[in-house]
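Chemist: Fold the following, please.
(2 chains)
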Amino acid sequence: MRFSQMFIPTLREAPADAEAISHILMLRAGYVRQLAAGLYISLPLCTRVMEKINRILREEMNAIGGQEITMPVLHPAEIWQQTGRWDTIGDEMFRLKDRGGRDMCLGMTHEEIMTWLASREIRSYRDLPQVWYQIQTKLRDEARPKSGILRTREFLMKDSYSFDVSDEALGRNYQLHADAYHRIFKRCGLEYMQVESDPGMMGGAMSHEFMAPSPSGEDDVAVCGNCGYAANVELADSVPMKIEIKDWEFEEIHTPEKRTVQEVSNFLKLSPSYFIKSILVISGNDPVLALVRGDQELHEQKLSRLIGDHRPAQKAELKEILGVEAGFIGPMGHKIRIVADNCLKDGLYVSGANKPHYHVKGVKAGRDFTPEWHDLHVASSGDSCVKCGGSLTIERVIEIGNIFKLGTKYSVALKAYFLDEKGQDMPVVMGSYGIGPARIAAAAIEQNHDKDGIIWPGSIAPFDIEILPLNMKDEKTVETAEKLYRDLTDAGIEVLMDDRDERAGVKFKDADLIGIPTQVVIGAKNLKEGLIEIKNRRTKETQKVKVDEAVTSLNPDVA
RNA sequence: CGGGGCGUAGCGCAGCUUGGUAGCGCGUACGGUUCGGGACCGUAAGGUCGAAGGUUCGAAUCCUUUCGCCCCGACCA
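Modeler: Residues are numbered from 1 along each chain as shown, chains lettered A, B, ... in the order given. Just a heads-up that it's a prediction; the model follows:
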């Protein structure tokens, strides 16, 4: 492809409303343009990258027996009503009516439609297993689109669905997908990890996420450096840092106007880890007192899994239920349900005294209060691994893929049953598996760039090689470039040739921005000695090569 | 949805406090000189100042409403 014939609108300056590196570079290098919040136009270069990624996805999905199909993006409401998600999903679903007044929605995912198809077509255990996938547009009315291409309202997703006769069979397909995902992300040149994740509202039994470390990510994972335990902090278990057990008498301390853990901690010159943080929440109509150590954050999702939906208590409720104002709550002497983080089992602590402007020192679990024990804290750096005791670190990541064991939730709701060998009607056992190709591209940029621009991993770069004839008015340069362009193209290499009549500097700058892994620089001076330069975009290392040996040195199959 | 910020030429910005009819850099077009890391000189085109309403002799500037975009948080099947 010739640069002059390709639409590559590079920008000298980054538009002001871009923040994430991948967003800035995709705009500057002429890969995308924004249409509206969370809606992006993919320009020619980006489209090539997406095709590269999608090809890898197809190859690996086909390799595990996936069959590509294409589902509509516009869905009738009824199917979503049958699984209940029409009502549970809310504003994130784009809804509309057709001319006949029928409720419709735009697909944010395809469990329902895939299951609908299975329910009509799968009759016998002999029809199973099936793995169907598509690379299809999803639409979600995101509360907050952000970070350029990372969180958009319309995006491509590779989503596959497995249909099996049993949990064991599902387990096999689940593992096949996990293996395929590892191959996919490796081939795409990403640094990534597989972590345990919360099946959440997908209603499944087990799920994992594939995460690419990047400061632009939106999730945090806890990773054990020793045994490899890795989990989304949404569910990560951890053992908090141990504290030295104090030998305190039970005593009341006057703490005037000191309400927060931080304030009392400063006042008493005592680390926050010696405090009990007491948080009153209302679950349904019942108050629940949740306790974590002073240096911890209460984990809302863990609490939800324990006590169900809840909300923080209001000030008035707090006073009414506990008889004391916020800031001086302690776990002692209350009749309500109390749940506490495991780490409070041992040791003596400071907590509110249940009377204004007083705290107590020497509070002991089992003696002064008897809670239900659970893991209720947010894992943080420095905590210990629950599996091996190793040290946990927290990393910011971009979610690039996920796999779910769905079980029979959707098949039961949509009556996707089959007859087993005994002639019994059984619900199909399902899994669902997603990958966001645009997120792969964005993560690749986040992980591979420098001050000058993008550095694509070769497998997903828009081109393999960019040829830079530095002076288009020099006959020898042009002649050499044209021949090399033909020879490389004939050798099956994807080449972009910057044939624009631009100054050398402009070509260098644009080439670095665009990020094609290998640059071939053709300049008059070197040409006099019969040489051209091969430059590695990542290392900036340059190697001078004889013109007639160029194709050989550049062709990885030969070299 | 809560909090914050920003909308002025294709892009980046100034002008707004203290109203007087819009400017700078880059880019674009044309001419010339240049030609290995975003060249230089000259000429030119390009803006209903996000939109609507109001105040005023006069509004980019003051007031009201509204739309859009970004960031933080909540949410994220």
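Chemist: what's around whichever residue of the stretch 251-400 of chain A sits closest to RNA strand B, how many residues?
Modeler: RNA strand B sits closest to A:Glu300 of the stretch 251-400 of chain A, with a gap of 6.0 Å, by C-beta to the nearest atom of the strand. Just so you know, the C-beta spots here come from the backbone N, C-alpha and C atoms, and that holds for glycine as well. For A:Glu300, the tally of surrounding residues (other C-beta atoms under 10 Å) stands at 15.
Chemist: near RNA strand B, which residues of the stretch 101-250 of chain A show up?
Modeler: Residues of the stretch 101-250 of chain A lying close to RNA strand B (C-beta under 7 Å from any atom of the strand) are A:108-109, A:140, A:142-148, A:151, A:200-202, A:218.
Chemist: Walk me through the domains of chain A.
Modeler: What automatic domain parsing lists as the domains of chain A is A:46-222+A:396-445, A:251-374, A:463-554.
Chemist: Endpoint to endpoint, the last one covers what distance?
Modeler: It refers to domain A:463-554. 13 Å (C-alpha to C-alpha, to the nearest Å).
Chemist: What's the mean pLDDT across it?
Modeler: The pLDDT scores in domain A:463-554 average 95.
Chemist: For chain A, which helix or strand comes out least confident on mean pLDDT?
Modeler: When each helix and strand of chain A is scored by mean pLDDT, DSSP states H and E, strand A:311-312 comes last, with a mean of 80.
Chemist: Can you list the strands that it pairs with?
Modeler: strand A:276-283 (antiparallel) (DSSP bridges).
Chemist: so where's chain A shaky on pLDDT?
Modeler: When residues are selected by pLDDT under 70, those of chain A lie in A:200-204, A:556-559.
Chemist: Pick out the residue closest to the middle of it.
Modeler: Nearest to the mean C-alpha position of chain A, counting by C-alpha atoms, centre = their mean, stands A:Glu399 at 1.0 Å.
Chemist: now that one, what's its secondary structure?
Modeler: strand (DSSP: H, G, I helix; E, B strand; the rest coil).
Chemist: For it, which residues are in contact?
Modeler: Applying C-beta atoms under 8 Å, 6 or more residues apart in numbering to A:Glu399 gives the contacts A:209-211, A:217-219, A:436, A:439.
Chemist: Tell me which two in those are the farthest apart.
Modeler: Pairwise distances among the contacts of A:Glu399 were taken by C-beta to C-beta; the largest, 14.3 Å, belongs to A:Phe210 and A:Glu218.
Chemist: okay, these two: which has more neighbours?
Modeler: Per other C-beta under 10 Å, whichever of A:Phe210 and A:Glu218 has more neighbours is A:Phe210, with 26 against 13.
Chemist: Tell me what the more buried one is bridged to.
Modeler: Applying DSSP bridges, one finds that A:Phe210 bridges with A:Gln194, A:Gly401.
Chemist: do A:His449 as well
Modeler: Under the criterion used (DSSP bridges), A:His449 bridges to A:Ile454.
Chemist: again, but for A:Ile534
Modeler: A:Val520, A:Gln543.
Chemist: And for A:Val292?
Modeler: Counting by DSSP bridges, A:Val292 forms beta bridges with A:Lys277.
Chemist: returning to that earlier point: and the domains of chain A: which comes nearest A:Leu11?
Modeler: Here domain A:463-554 is closest among the domains of chain A (C-beta to C-beta), at 8.8 Å.
Chemist: Closest one to A:Gln519 out of the contacts of A:Glu399, please.
Modeler: Comparing these against A:Gln519 with C-beta to C-beta places A:Arg439 closest, at 27.2 Å.
Chemist: Quick check: closest non-adjacent residue to the closest one.
Modeler: A:Ile400 (4.9 Å; C-beta to C-beta, 6 or more residues apart in numbering).
Chemist: again with A:Asn555
Modeler: A:Ala491 (5.2 Å).
Chemist: I'd like the distance between that neighbour and A:Arg537.
Modeler: Separation of A:Ala491 from A:Arg537 (C-beta to C-beta, to the nearest Å) stands at 20 Å.
Chemist: ok, the two, which is more surrounded?
Modeler: A:Arg537 (23 against 14).
Chemist: Spit out the contact partners of that one.
Modeler: A:455-456, A:511-512, A:515-519.
Chemist: tell me which of those residues is nearest to RNA strand B?
Modeler: Of all these, A:Asp512 has the smallest distance to RNA strand B: 4.1 Å, by C-beta to the nearest atom of the strand.
Chemist: Which helix or strand contains the closest one?
Modeler: In this assignment (DSSP states H and E), A:Asp512 forms part of helix A:504-514.
Chemist: can you tell if that helix touches RNA strand B?
Modeler: Yes - Helix A:504-514 comes into contact with RNA strand B (C-beta under 7 Å from any atom of the strand), by way of A:504-506, A:508-513.
Chemist: got a winner among those residues for most neighbours?
Modeler: That'd be A:Ala511 among the residues of helix A:504-514 next to RNA strand B, by other C-beta under 10 Å, with 23 neighbours.
Chemist: Might one say that A:Trp456 is in contact with A:Ala444?
Modeler: Yes - A:Trp456 is within contact range of A:Ala444, at 6.7 Å (criterion: C-beta atoms under 8 Å).
Chemist: Shouldn't A:Trp373 be within a helix?
Modeler: No - assignment of A:Trp373 by three-state DSSP gives strand, placing it outside any helix.
Chemist: For it, give me its contacts.
Modeler: A:Trp373 neighbours (C-beta under 8 Å, 6+ apart): A:339-342, A:345.
Chemist: Which members of those are classed as buried?
Modeler: By neighbour count, with 16 or more other C-beta atoms under 10 Å, these hold A:339-342 as buried.
Chemist: Restricted to strands, list the residues you listed.
Modeler: When these are checked against strands (DSSP state E), the matches are A:339-341.
Chemist: Dump the residues you listed to JSON lines, plus distance to RNA strand B.
Modeler: Output for those, formatted as JSON lines (distance: C-beta to the nearest atom of the strand, whole Å):
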{"residue": "A:Val339", "distance to RNA strand B": "18"}
{"residue": "A:Ala340", "distance to RNA strand B": "22"}
{"residue": "A:Asp341", "distance to RNA strand B": "19"}
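Chemist: Looking at these, which is nearest A:Leu27?
Modeler: Nearest member of these to A:Leu27, counting by C-beta to C-beta, is A:Asp341, at 44.9 Å.
Chemist: Isn't that closest one up against A:Leu376?
Modeler: Yes - A:Asp341 is within contact range of A:Leu376, at 4.3 Å (criterion: C-beta under 8 Å).
Chemist: I would like a PyMOL command selecting only the buried ones among the contacts of A:Glu399, please.
Modeler: What follows is the PyMOL syntax for the buried subset of those, where burial is set by 16+ other C-beta under 10 Å:
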select buried, chain A and resi 209+210+211+217+219+436+439
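Chemist: Let me know the closest of the contacts of A:Glu399 to RNA strand B.
Modeler: Distances from RNA strand B to those, taken by C-beta to the nearest atom of the strand, are shortest for A:Glu218, at 5.8 Å.
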